Structure formats: C-alpha cells, structure tokens
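Enquirer: The following comprises the amino acid sequence and a computationally predicted model.
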Amino acid sequence: MTVMRERRAQATVEMAVVLPVLLVLGLITSNLMRFAVAVARFDRVAPDIVVAQGVSPEGDGGAGQAALEAVRGELATAMEGYGVDVEVTVEDRGFGSEETFSLAPLTRSFTCSMAMTPWPSVVEIAGVSLGAPARLRHERAMVVDPWKPGVVA
C-alpha cells in the first residue's frame, strides 16, 4: 500500500513540469503561424501594389516621392489586421549606375519590408520577466520602369 501512495502524484508532478514548456511552444508556434500568414499576404500584394501605384502614381512622379507615398499607403491598407509595420524605400537607378549599357536605363527599385513583434512581447512568470528580443522581418524588392507602365525590369 505504501508503494502505491508514492506513485499517485507522479503524473501531477510531470504535468506541472511539462505544462509551462508546452505553453511556450504553443506561443512560439502561434507567432510563427501568424507571421507565415502575414508573409504570404505581403508577398501577394506587394508586387501588385508596386506595379499599380509605383509606376504611375497620382500627381507628379518627380524623384519617386509620390510613388513612395502611394505604395506605402496602399501597402499599409492591404496589411491592416495583421499587426505588422510596413516600410517602403525607393531608389532611382539612372544613367550613372554601374551598368554601361542597359535596355531599361531609368528604373526604380522599390524595397517593401514588414516587421512583426511576437505576442506577447513581455511575459512575467513567478517574478521572472521573459520577453521576445527580436522582431520578425521580411523584405520584398521589385524593379520597375516608371516610364513604361506595367513593365517590370
């Protein structure tokens, strides 16, 4: 009888030891799945928005600033609800580049990036503060010709 009493709480102790590990693994998996869904959406909409808004934005297309703001605004609208921060940079590639001869000498390179902070960012368990030190980041770059709508270089 005494031997049986010693083994009765073994499953409870094992569960108490394993449960925090399972919760952390569940949070990591949840965050990675949320990020994977956001990346899939971002990779689908970013090229379409760059081709539609980056090539011929409203207003003057001088220096790419109007195109930059149009792409950033449309991309932020398309990624609402995913909990990501969107950044867009544009670089004009003109005649002064390293290429001596190019069939598309006046192109623009758009680099669209999104960053996501894992949830929860800070957790306190038994007085120990745990946090996610990194942000998950994804980039997508496209080169377009601003003078020929629909042409991707």
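Expert: It's in. Numbers count the residues shown, from 1 in each chain.
Enquirer: Sketch out the low-pLDDT regions of the protein for me.
Expert: The model of the chain has pLDDT under 70 over residues 1-7, 57-64, 94-105, 123, 131-133, 148-153.
Enquirer: Spatially central, which residue of it would that be?
Expert: Central residue of the chain (CA atoms, centre = their mean): Met114, 3.3 Å from the mean position.
Enquirer: Surely that residue forms part of a helix?
Expert: No. Met114 sits outside any helix when classified using DSSP: H, G, I helix; E, B strand; the rest coil, being strand.
Enquirer: what's the single longest helix in the chain?
Expert: If you go by DSSP state H, the chain has its longest helix at helix 10-49.
Enquirer: which strands and helices sit next to that helix?
Expert: Judged by 3 or more CB pairs under 8 Å, 6 or more residues apart in numbering; DSSP states H and E, the packing partners of helix 10-49 are helix 65-78, strand 107-116, strand 136-144. All C-beta atoms are positioned from the backbone trio N, CA, C, and that covers glycine.
Enquirer: Distance from the chain centre to it, please.
Expert: Remark: helix 10-49 is offset 15 Å from the chain centroid, using CA atoms, centre = their mean, to the nearest Å.
Enquirer: Just the buried positions in it, please.
Expert: Asn31, Arg34, Phe35, Ala38, Val39, Arg41, Phe42, Val45, Ala46, Pro47, Ile49 (16 or more other CB atoms under 10 Å).
Enquirer: gap between Met142 and Ala40?
Expert: With distances taken as CB to CB, to the nearest Å, Met142 is found 17 Å from Ala40.
Enquirer: again with Gly26
Expert: Between Gly26 and Ala40 the distance is 21 Å, computed by CB to CB.
Enquirer: Between the two ends of stretch 92-110, how far is it?
Expert: 9 Å (CA to CA, to the nearest Å).
Enquirer: The closest residue in space to the residue nearest to the centre of the chain that isn't next to it in sequence: neighbouring residues, count only.
Expert: Nearest residue to Met114, sequence neighbours excluded (CB to CB, 6 or more residues apart in numbering): Val84, at 4.4 Å. Residues lying near Val84 (other CB atoms under 10 Å) number 24.
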